[in-house]
Structures are given as structure tokens and as C-alpha cells.
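# pasting a predicted model and its sequence here:
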There are 2 protein chains.
Amino acid sequence: MAEKLTLSLDAMGGDHAPGMVVEGVSFARKRFPNIHFLLFGDEALLKPLVDRYNLHDVCEIRHTPDKIASTDKPSQALRGGRNSSMRLAINAVRDGEAAGVVSAGNTGALMAMAKFVLKTLPGIDRPAIATFLPTERGETLMLDLGANVECSATNLVQFAIMGDAFSRIVSGIDKPSVGLLNVGEEELKGNDEVRDAAAVLKGDSHNLNFHGFVEGTDVLKGTVDIVVTDGFTGNVTLKTIQGTAKLISQFLRQSFASSISAKIGYLFARPALEQLKKRMDPRRYNGAMFLGLNGIAIKSHGGTDALGFASAIGVAVNLITEGFNDRVKDEFARLEAGEEN
Amino acid sequence: MAEKLTLSLDAMGGDHAPGMVVEGVSFARKRFPNIHFLLFGDEALLKPLVDRYNLHDVCEIRHTPDKIASTDKPSQALRGGRNSSMRLAINAVRDGEAAGVVSAGNTGALMAMAKFVLKTLPGIDRPAIATFLPTERGETLMLDLGANVECSATNLVQFAIMGDAFSRIVSGIDKPSVGLLNVGEEELKGNDEVRDAAAVLKGDSHNLNFHGFVEGTDVLKGTVDIVVTDGFTGNVTLKTIQGTAKLISQFLRQSFASSISAKIGYLFARPALEQLKKRMDPRRYNGAMFLGLNGIAIKSHGGTDALGFASAIGVAVNLITEGFNDRVKDEFARLEAGEEN
């Protein structure tokens, strides 16, 4: 029973669903032969795919004709999507049928439904959305990216603890460093929330490797392993990074087209530049993890292909087998015990 | 009297002061022959420079041995810098000796002193720091960049009105579009401050061309002429842009060094890439304007050269001759009258 792990998949979520979901399962199966999958979606579409990849022994199709569109508002999805593939895949986690859920569908809808159905972990007031970003030194985890536009100091501390547990498990870093995003001017030491959160994180009632405040320039420098911020700032920061990368690549294209010499240069440098493009590909970094829910829920990027979806399945498996949620709960229990002493 | 405009200059502020300040005056003099300058700083250093550029007829040296270091905290500068070149240059505006002040010195110290000495314009609760950013379409003005870490809806509305007046005068845009920076997820329409500010800006009691909410991706896309945000988000956004540009240029260098073919490509493309580097030069965009003070105060970038300093002088002259502060006051009077009706 414990050996046979079950995951539920929203087979209809994502730009290339359901094809890439089922193909993703075929990739994941090689890495994790003991996993059983519940595929929620349109049976008429799913059955031929499961046939094609010969996945009948690891997959069970749960037919549901409804699906959430990428344009649906979270409130619409909550009200009208009770029989959608996304909702039923989440319900399976709540009902103990599956140990976690993976979807490449509408982020807002997934967050709203997962929060509503699964609730938060004991000790966690609010879930957070986290992602990895490429940096000078490797990768940095950033959270929250928009689940909570207004965060108290307590929320920020909880994000730090969740980010720490996540980074230890998924990145395998022993004592990941945690930075709180703040403004850099000397006279401005940030708002009350950031200052109060820093005071708690500096204390010794937890096991965090707290680095202190970091600035916007530090995010992609890789100054810390984990950048903690409120969902408003995190969302703007993530989208600013995307916008800046887009502007520079546009300027770069214009530069390479600006003279014959530059065009020749481009021809010679093209393979290297294409490597760079892959390195900056948002699909590599846009997948989001929902941390703090009473159940594992992974959001794969909407534009992901089968390999990307398989890697999202891998993250879910990691978090489940390493007992992510239990670790977070233990850390909170320790923190609260520390506060009482 | 009205024809002879006087500006006070902190001649000791900036990495290349006082040389670039005096040379900057020599450039500015050609464009604005009717301006008189008060140079605050060390006479022993300034006199030979004024001699060299033959500026005795347009410059008056006000000797002061003290100066603010770039490492001084704003609180230190306020307490200990009463006889510094920066402080006395600001005092000259308060005392009516000069119509505006320009400094390339310590930003935090300049903001703290200018706020303390000049106070804010009637109707403005808090000043804002603004800068231009390069975009796909040209340039966008963003404010606040860190003068106020916590902003009410009223502060944001005031920033929008100041940004509008500034953009009309300095960029010459007739009806600049104004966007409020917000998160993009559909279900999250931002915090109370942003929502309330949008409600006011959507009203018809003012002359703004309000575009609505914009996201992080819109900042460098040039979706709007003016991006309004609180100082916390603005500071993080600005520094995230800088950090992203730095990471990409580092990745780009690595790509060009990754193979012989790529190295050859670099040689051909170098002139075009150096143009690109200039286009992204933070010195072009890092200069900051302090809006909302009862007096014109311009912060030139600390690393600026004489040409950059001359262009900061040009911005000050523009704002003074176009009556920037009076326009902002009028706009507020109109807004308040509108609210009473």
C-alpha cells in the first residue's frame, strides 16, 4: 500500500493537453515504475492516448467532460467547475485516493480550488506560490509570487520555513540561505511586515539559515538560495524579470540586424546564442509550486511539453516521498515550542 | 530679474566631482547663456576649474569645506552635514537665492535634506523619486522608486498627477498615459491602496489619461508613458531590472566565449553590441528626479560625467521655466475642487 503511490492528474489542463499529459506519464513511468495515475478528463480523448503509450497498467481514466478554460476566472472556476477535470483531480487528494495532484491548467483557478478543497496545513495561514529562477550561481527559489497580495510578518516567516523545507528536499541543499526582499536605500529599512519578519527570522527558535535583507539586484545574482517576499512584490518582480529579458532580446536582435558585419557575427555566434535562449527559456522556470496546502499540488507551466510535465510529476513524487508537508508541520511545531519557552 | 535664472549646484557630489560639475556648467552655459550658478564646495578646488573653463561671469563660488560622503547615512547627513556643500546648495533654494538645486551626491542624504529643508508642495503629502526607463517604444517614467515604502491610495494619486505634469514638460507628451502597477492574476486585483487609487484616477475630476492597471511585464514594454507604484515595489522593480540586465549580459559574455565560432561572431558583431551596451547604460537612466518638493531638486547619477551633469541641469531649467511646481499645484487645486462638487 505504501509502496504504491498514486497521483491524480488534470489531464485536460495546459496548451498541449491531453497529449502531453499522457506522454508525460510515459516518461515518468520509466523513472518511477511504482506510481499509479488517476487521469481526469475526456475518456474519448484519453483512451486512445493511453493505448498508444501502452499505459493501461499504470493509469486509470476517470471520465469527466468538463474542463477549466485558461481564460476562466478563479471565482467562475470555483462556482461552475465542480465537475471539471481539475476539480475532481484535486478532490482525489482530499479523499485520500491520491497523494498529490499535478495540473498544467489555469493557475488562478488551480490555486483557488486547491485552497478551497485541500485547506492549508495546520500552522500555515496562507499558501504561497514558489518558483525557481536562473541566477549567476545556479538557481534561486522565490516565493510568494501572487497567492497573497497582502502579507503579515507571520505570513513571511511561514513562507521562509516552507521555502527552506522545499529547497532542502527538491534542490538537496543542506542549509539553504534565506533572504527577505527589501528596499536598498539605507534610510529605508522597509515596512513593518518586513522588519518584524526579519526580527523573528533572526531569532534562534528555528533552524533557518537566515541571511537578512536582500535587494532586487540580488534576486538573479543568487545571493541567497531562497528569496521570500509578499505576493504583490513577488508577482511584479517575476514579471519584471520576464519583461526585461524580452526587451534585451529585442534590442539584441536589432543590434544583430544593424549592419552587415553584425549579421555575419550573428551567423557565427548563432549556436551559442541558441544555447543562451534555452538557458533563459521561461518554460524552464515558470512552473509554480503551491506550498502550504494540506496536500501536494504542483502547477506545471501552461505551455509545457511532455518532458516538462514529467518533471512536474517528479517534483510531486519528491515532495511526497520525502514527506514535505510533515517536515513543514514539524518545523512549525518546533517554532511554536520555541516561542513558548 | 526673471530673465536671470539662478541654480545652486552641489559641486562636491558625485564620483567625478568637482571636475565634472564645473565642466558640466561649461556645457550648460552654451545651451542656457542666461543662467547664473552658485557653486557650493571647496574654493581651493573650484577656483582653478572655474578659471580653466573661463566661467567667472556665470559662476559664484560659495566656499564650504564639508561634504557628504556617498557612504553617509541620511540621518548622519541630516545631523552632521549642516555645513556641507549639499545642504548649503539646498538652503539656497529655500532662501530664494536659487530657483533649483542639482547634485550628483548621495541619493538618500539628498532626499532627506531636501525634504527637511524645502518641505513638500502644498497639497502633496509625500515627495516621490522618479526616473526614466528604456522601453520597446521609447521611454517610460516610473515613480516612486523608494522615497516612501508605504503609500496610501492618496499618495499614489498624487504621484500620478506629479508624473503627468513632469512627463508633459520634460518629454513633451501631450496626454501621457498613466498606469498603476499591480499583480496580474485575475483573482487578485491588488491591495486596497491600488484599488482605491484606481477608483479615484478613473474619475473625471482631473485631466489624467488613466490607462488602468499594468503588470511587471508592461514596465519595459512601454505600455504606458508613466508607471505609478509605491516606493517599496518601485525600488525592487528598478533593481530587478538592473539585476536581470546584468545576468543576461553575463550569460551573453559566456555564450560568446563558449566556442571559437562564437568568438569570431563576437568580433564581427562587436560594434553593434557596443551600441547595445550604451543603449542599456544605467547612467542614462539612473538619474532621479525628486517630485513634490517645494523647490526643484534634481539628482544626477553619482557616476555621471560632465555631459550627464549638464543634462541634469537642463532638466532643472526645463522644470523651472515651464513652472512645473505651479502646474502640479494647479492640478491639485482642480482635483480638490472636483471632489467638492
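Arrived safely. Numbering: from 1, shown residues only, chains lettered A, B, ... in the order given.

# in the stretch 1-150 of chain A, what residue comes closest to chain B?
Of all residues in the stretch 1-150 of chain A, A:Pro74 sits closest to chain B, at 3.8 Å by C-beta to the nearest C-beta. Just so you know, the C-beta spots here come from the backbone N, C-alpha and C atoms, and that holds for glycine as well.

# wait, that residue sits on A:Gly105?
No: here A:Pro74 does not reach A:Gly105: they are 11.6 Å apart, not a contact under C-beta atoms under 8 Å.

# more crowded one of those two?
When neighbours are counted by other C-beta atoms under 10 Å in any protein chain shown, A:Gly105 comes out ahead of the other of A:Pro74 and A:Gly105, with 28 against 23.

# and the more buried one, how far from A:Ala89?
From A:Gly105 across to A:Ala89, the span is 9 Å (C-beta to C-beta, to the nearest Å).

# over to A:Phe332?
For A:Phe332, the distance to A:Ala89 equals 27 Å [C-beta to C-beta].

# kindly report the same for A:Val170.
A:Val170 is 21 Å from A:Ala89, where distance means C-beta to C-beta.

# equivalent analysis for A:Phe251, please.
Counting by C-beta to C-beta, the gap from A:Phe251 to A:Ala89 is 42 Å.

# and A:Ala112, by the same measure?
Using C-beta to C-beta, one obtains 14 Å as the distance from A:Ala112 to A:Ala89.

# the more surrounded of the two?
For the pair A:Ala112 and A:Ala89, the greater number of neighbours falls to A:Ala89 (34 against 22), based on other C-beta under 10 Å.

# wait, is A:Gly212 part of a strand?
Yes: using DSSP: H, G, I helix; E, B strand; the rest coil, the assignment for A:Gly212 is a strand.

# verify the contact between A:Asp15 and A:Gly303 for me.
Yes: under the criterion of C-beta under 8 Å, A:Asp15 lies in contact with A:Gly303, with a separation of 5.1 Å.

# overlap in contacts of A:Gly105 and A:Ala89?
Listed contacts common to A:Gly105 and A:Ala89 are A:Asp10; contacts here mean C-beta atoms under 8 Å, 6 or more residues apart in numbering or on different chains.

# how many residues are close by the residue nearest to A:Asp192 when sequence neighbours are not counted?
If the residues on either side of it in the chain are set aside, A:Asp192 comes closest to A:Ala153, at 7.3 Å by C-beta to C-beta, 6 or more residues apart in numbering or on different chains. Other residues near A:Ala153 number 19, with proximity taken as other C-beta under 10 Å.

# correct me if wrong: A:Ala153 contacts A:Asn191.
No: A:Ala153 sits out of contact with A:Asn191 when judged by C-beta under 8 Å, with a separation of 9.6 Å.

# got phi/psi on A:Ile296?
Listed backbone geometry of A:Ile296 is phi -90, psi 120, with angles given as degrees, to the nearest 10.

# which residues does it bridge with?
The residues paired with A:Ile296 through beta bridges, assigned by DSSP bridges, are A:Gly100.

# quick one, what contacts it?
Counting by C-beta under 8 Å, 6+ apart, the residues that A:Ile296 touches are A:93, A:99-101, A:316, A:319-320, A:324-325.

# repeat that with 6 Å
Contact partners of A:Ile296, counting by C-beta atoms under 6 Å, 6 or more residues apart in numbering or on different chains, are A:100, A:316, A:319-320.

# so which of these is the most crowded?
Neighbours were tallied for each of the contacts of A:Ile296 (criterion: other C-beta under 10 Å), and the maximum of 27 neighbours falls on A:Ala316.

# OK, contacts around it?
Counting by C-beta under 6 Å, 6+ apart, A:Ala316 touches A:7, A:100, A:102, A:296, A:298.

# distance check, it against A:Val93.
Using C-beta to C-beta, one obtains 10 Å as the distance from A:Ala316 to A:Val93.

# kindly confirm my reading that A:Met86 is in a strand.
No: secondary structure assignment (three-state DSSP) places A:Met86 in helix, not in a strand.

# that one against A:Leu9, yeah?
No: the pair formed by A:Met86 and A:Leu9 falls short of the contact definition of C-beta atoms under 6 Å, at 10.1 Å.

# these two: who's more crowded?
Set side by side, A:Met86 and A:Leu9 give different neighbour counts by other C-beta under 10 Å, the larger being at A:Leu9 (34 against 28).

# pairing partners for the helix or strand hosting the more buried one, with directions?
According to DSSP states H and E, A:Leu9 maps onto strand A:5-10. Strand partners for strand A:5-10, identified by DSSP bridges, are recorded as strand A:35-41 (parallel), strand A:100-103 (parallel).

# need the winner for burial among the ones you listed.
Ranked by average neighbour count under the criterion mean count of other C-beta atoms under 10 Å in any protein chain shown, the strands paired with strand A:5-10 are headed by strand A:100-103 at a mean of 30.

# give me the distance between it and the centre of its chain.
Counting by C-alpha atoms, centre = their mean, to the nearest Å, strand A:100-103 is centred 11 Å from the centre of its parent chain.

# same question for stretch A:227-246.
Distance of stretch A:227-246 from its chain centroid, counting by C-alpha atoms, centre = their mean, is 14 Å.

# using PDB, write out every CA atom in it.
Once side chains and other backbone atoms are set aside, the C-alpha atoms of stretch A:227-246 remain, and they are given as PDB (Å, rounded to 0.1, in the frame of the first residue of the first chain):
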ATOM      1  CA  VAL A 227      14.100  34.900  -1.700                       C
ATOM      2  CA  VAL A 228      11.000  35.500   0.500                       C
ATOM      3  CA  THR A 229       8.600  38.300  -0.300                       C
ATOM      4  CA  ASP A 230       4.900  39.200  -0.300                       C
ATOM      5  CA  GLY A 231       2.800  38.100  -3.300                       C
ATOM      6  CA  PHE A 232       2.400  41.600  -4.600                       C
ATOM      7  CA  THR A 233       6.100  42.300  -4.800                       C
ATOM      8  CA  GLY A 234       6.900  38.800  -5.900                       C
ATOM      9  CA  ASN A 235       4.500  38.900  -8.800                       C
ATOM     10  CA  VAL A 236       5.700  42.200 -10.000                       C
ATOM     11  CA  THR A 237       9.400  41.100  -9.600                       C
ATOM     12  CA  LEU A 238       8.800  37.900 -11.600                       C
ATOM     13  CA  LYS A 239       7.000  39.700 -14.400                       C
ATOM     14  CA  THR A 240       9.600  42.500 -14.400                       C
ATOM     15  CA  ILE A 241      12.300  39.800 -15.000                       C
ATOM     16  CA  GLN A 242      10.400  38.400 -17.900                       C
ATOM     17  CA  GLY A 243       9.800  41.900 -19.400                       C
ATOM     18  CA  THR A 244      13.400  42.900 -19.000                       C
ATOM     19  CA  ALA A 245      14.600  39.700 -20.700                       C
ATOM     20  CA  LYS A 246      12.200  40.300 -23.500                       C
END
